[in-house]
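1. Predicted model and sequence below, questions to follow.
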Amino acid sequence: MKAWVYNEERELDAAQFADYLDPASTAVVSIDMHRGHLDDSPDCPCPAPRARDVVAPIDGFHDAARALGVRIVHIRSVLRPGGVDDVHGIPSAWRRTFPLHVGEIPNADAHAIEGSKWTEWVTRVAPGDMRVDNKRRLSAFYPTDLDFLLRNQRIETVVLNGGFTDCCVLNTAFDASNRNYRVIVLRDLVRGTDAHLEGAALAMVSLHLGLVLDSAELLRQWRG
């Protein structure tokens, strides 16, 4: 099995990771692939332009996973109208720190507001897929019911895709590992703030949290 360890491709013995590779106990968790990150308009409230090029590949991977019986969970950030969960309560830290790097984000207060166009999916949600619609901070587990949903489905391995690699994907990977889920992050189907932070996040996952694989390799293992 080809995997990435500290950002170098390595050949691993798949038998040593057989428990990671059972599609029957696996769910794909796709994080924040909605318009609030992916829209190309100037008023996009939290733009993640590097992630736009993985929309079609994620849809293709999800189709292949569904065909193998692997369950798909779509996660999106949604805040109550009026911003009481965030800008008009205790604001998320990123709202104050991220602009130090990228500059002012003019429409940031509109990010993830319930009922707005910014919470509309960009990747395809198929009938039978599961959804978690109340992610309010960086991890898909907090303060959502994702853990309940996965355990009720007897899921033991989570496969992560989406964005940002160094933010929500990494936070979710840590939380999943701390809850004793086996973690796989798909190197070709996540995107970070930039290539440097993306690589750093994937290196951390590979050393401390789970496997970093390319999506084609994971499908090959599932089919094998």
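-> That came through, no problem. Residues are numbered from 1 along each chain as shown.
2. contacts and neighbour counts: CA atoms only from here.
-> OK.
3. Closest to the mean position in this structure, which residue would that be?
-> Residue closest to the average C-alpha location in the chain (Cα atoms, centre = their mean): Ile31, at 3.1 Å.
4. downstream neighbour of the longest helix along the chain in the secondary structure list?
-> For the chain, the longest helix by residue count, based on DSSP state H, is helix 55-67. Remark: after helix 55-67, the chain's next helix or strand is strand 71-77, criterion DSSP states H and E.
5. And that next one, what does it pack against?
-> strand 26-31, helix 55-67, strand 130-135 (3 or more Cα pairs under 8 Å, 6 or more residues apart in numbering; DSSP states H and E).
6. Quick check: which of these is nearest to Phe148?
-> strand 130-135 (10.9 Å; Cα to Cα).
7. so how far is the closest one off the chain centroid?
-> Here strand 130-135 is found 12 Å from its chain centre; the criterion is Cα atoms, centre = their mean, to the nearest Å.
8. residues of the very next helix or strand once past it that come out buried?
-> Using DSSP H and E, the helix or strand that follows strand 130-135 in sequence is helix 146-152. Residues of helix 146-152 classed as buried by neighbour count (16 or more other Cα atoms under 10 Å): Leu146, Asp147, Leu150.
9. still on that earlier bit, tell me what the longest helix of the chain is packed against?
-> Going by 3+ Cα pairs under 8 Å, 6+ apart, helix 55-67 lies up against strand 71-77, helix 215-223.
10. I'd like to know which elements the longest one is packed against.
-> Contact partners of helix 215-223 among helices and strands, from 3+ Cα pairs under 8 Å, 6+ apart: helix 55-67, strand 182-191.
11. can you redo those as a markdown table with distance to Cys168?
-> Listed next are the helices and strands packed on helix 215-223 as a markdown table, based on distance: least, Cα to Cα, whole Å:
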| stretch | distance to Cys168 |
| --- | --- |
| helix 55-67 | 17 |
| strand 182-191 | 10 |
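12. Buried deepest among these, which one?
-> strand 182-191 (a mean of 24; mean count of other Cα atoms under 10 Å).
13. which other residues reach it?
-> Contacts with strand 182-191, where a contact means Cα atoms under 8 Å, 6 or more residues apart in numbering, come from 20, 50-51, 54, 57-58, 156-165, 169, 173, 176-177, 198, 202, 205, 209-215.
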